[in-house]
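1. Whatever this is, show me its structure:
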Amino acid sequence: MKIDWATLGSVFGVSLVATVTLVGLFTLGITGLSRRERAVAAGESAGLAVTGAYACFAACAAAVGYGIYLIVA
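-> Below you'll find the model as predicted:
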């Protein structure tokens, strides 16, 4: 058996970047929701923070869905 180390390294790199990106997007979503909590407590509006949070969560769901599609296809 011959291992193609270049391809294995490429797969590792793509997996690492995808993982860091998903964690970052999810963190931004959580941050947006916490800003909404602070704005509600202060009596202010936080529509942009909530919209951004939902967009981050939607992007995470889309990336996970695409990954499942790649596995199944």
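
2. List the buried residues in stretch 45-53.
-> Within stretch 45-53, the residues that count as buried by 16 or more other C-beta atoms under 10 Å are Ala46, Ala49, Gly52, Ala53. Glycine gets a C-beta too; all of them are placed from N, C-alpha and C.

3. Could you single out the nearest of those to Thr19?
-> Taking C-beta to C-beta as the measure, Thr19 lies nearest Ala53 of these, at 20.3 Å.

4. Centre-most residue in the protein?
-> Compute the mean C-alpha point of the chain, and by C-alpha atoms, centre = their mean the closest residue is Leu22, 2.8 Å away.

5. That one contacts Cys60, correct?
-> Yes: assessed by C-beta atoms under 8 Å, Leu22 is found in contact with Cys60 at 5.8 Å.

6. how close does Thr51 get to Arg38?
-> Distance, Thr51 to Arg38, using C-beta to C-beta, to the nearest Å: 16 Å.

7. Thanks a lot, catch you later.
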